[in-house]
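Enquirer: return atomic coordinates for the entry below.
(one chain, ligands or ions: 1)
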Amino acid sequence: MDQPPIVTRFAPSPTGRLHLGHAHSALFAYVQAQGGRFLLRMEDIDPTRCRRAFEAGIMEDLEWLGLRWEQPVRRQSEHLDDYAAALARLDAMGLIYPCFCTRKDIAEAGSAPHGPDGPIYPGLCRDVSPSERAERMAAGQPFALRLNMIAATRRTGALVWHDRSIGNLVAQPELFGDVVLARKDIPTSYHLAVTVDDALQNVTLVTRGEDLFAATHVHRLLQALLDLPVPAYTHHRLLTDETGRRYAKRDRSLTIEALRQAGHSAAQLRAMAGFPEPHP
Ligand code: GLU
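Expert: This is a model prediction of the structure:
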């Protein structure tokens, strides 16, 4: 039987122009999709940080690098109803709860162990009574929605995911504690939106930087809870400058745009980003 085509995606947040680290990530996804499909997704759920002008700049940079992607480009801010539907399913399973805590409340709760996303939530709102929840909501207190990690992992049992360079891994979402699935200011979160989108876009191979390796544990759990297909994963190294520092948005001189304006060719840029010829 024919193998279904590989579907990969590059999923930047349009909060600035692309730098060499992004070029590496985009080329990595593009090369992995050879013979298959390559998608572009704008992870623009945070309206305070994302700009349409940066989207246009990102597309210009990718095109100049020689990359081509399928249309339409999925823009997360246009699909909030998909994330709401996922939250409604988790709510119907009794797995999410409103959390009214401020950063200060969490800090004052004492020294919490750290997980991959920072301090693990100490569970202050987990057992608030339904009537108190209703009262606080009615009073207009802002709240996030958190996943009850113990209940969620109990429901799914042990889960496995596959990293192409490591092999099979047992998922450890409990490392994160009760993750936020909808923020106070935004009705979703990175973990929820990325998992739902990869499924809706039929992505078969998720490629991304190794800084997001641990996040895959949470995504695997959400897939099991929401009956979503499970893609394969591969996490690439993070490109660093000559001093060993990761490229970041602050490195204005190392954006694709700046390097291009300084006279570098697309082939040179691809080589600097770790993908010398052949042309992608
Ligand atoms: N939007 C994320 C970023 O810019 C990448 C998300 C992903 O590939 O899972 O780092």
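
Enquirer: and the average pLDDT for stretch 58-65 is what?
Expert: The average pLDDT for stretch 58-65 rounds to 98.

Enquirer: and it, what's buried?
Expert: In terms of neighbour count (16 or more other Cβ atoms under 10 Å), stretch 58-65 has its buried residues at 58-59, 61-62, 65. The C-beta positions use only the backbone N, C-alpha and C, and glycine is treated the same way.

Enquirer: low-confidence ranges in this protein?
Expert: 1-2, 249-250, 252, 278 (pLDDT under 70).

Enquirer: does Pro14 belong to a helix, a strand or coil?
Expert: Look at Pro14: counting by DSSP: H, G, I helix; E, B strand; the rest coil, its state is coil.

Enquirer: make a markdown table from the buried residues of stretch 58-65 and add distance to Gly118 and secondary structure to it.
Expert: Output for these, formatted as a markdown table (distance: Cβ to Cβ, whole Å; DSSP: H, G, I helix; E, B strand; the rest coil):
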| residue | distance to Gly118 | secondary structure |
| --- | --- | --- |
| Ile58 | 27 | helix |
| Met59 | 32 | helix |
| Asp61 | 31 | helix |
| Leu62 | 31 | helix |
| Leu65 | 33 | helix |
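
Enquirer: among the residues you listed, which one lies nearest to Leu90?
Expert: Proximity of those to Leu90 (Cβ to Cβ) peaks at Ile58, which lies at 31.4 Å.

Enquirer: now the closest one: how far from Gln32?
Expert: 19 Å (Cβ to Cβ, to the nearest Å).

Enquirer: hey, where'd the strands end up in the stretch 151-280 of the chain?
Expert: For the stretch 151-280 of the chain, the strands defined by DSSP state E, counting those that start in this stretch occupy 160-163, 167-170, 180-182, 205-209, 232-236.

Enquirer: roughly how far does the closest residue to Leu192 other than its chain neighbours sit from Val203?
Expert: Distances taken as Cβ to Cβ, 6 or more residues apart in numbering put Leu181 closest to Leu192, at 4.6 Å, once the chain neighbours are dropped. Separation of Leu181 from Val203 (Cβ to Cβ): 20 Å.

Enquirer: quick one, helices of the stretch 101-250 of the chain?
Expert: 103-108, 130-138, 149-156, 190-200, 215-226 (DSSP state H, counting those that start in this stretch).

Enquirer: now do the longest one: distance to the chain's middle.
Expert: What that stands for is helix 215-226. Remark: helix 215-226 is offset 12 Å from the chain centroid, using Cα atoms, centre = their mean, to the nearest Å.

Enquirer: over to the third one?
Expert: In terms of Cα atoms, centre = their mean, the gap separating the centre of helix 149-156 from the centre of its chain is 22 Å.

Enquirer: tell me which parts of the stretch 151-280 of the chain are close to the ligand?
Expert: 194, 208, 212 (Cβ under 6 Å from any ligand atom).

Enquirer: most surrounded residue in the residues you listed?
Expert: Most neighbours among those, by other Cβ atoms under 10 Å: Val194, with 26 neighbours.

Enquirer: correct me if wrong: that residue contacts Leu222.
Expert: No - with contact defined as Cβ atoms under 8 Å, Val194 does not reach Leu222; the gap is 9.2 Å.

Enquirer: report the contact partners of the residue in the stretch 151-280 of the chain positioned nearest to the ligand.
Expert: Of the residues in the stretch 151-280 of the chain, the one nearest the ligand is Arg208, at a distance of 3.5 Å by Cβ to the nearest ligand atom. By Cβ atoms under 8 Å, 6 or more residues apart in numbering, the contact set of Arg208 is 11, 25, 235-236.
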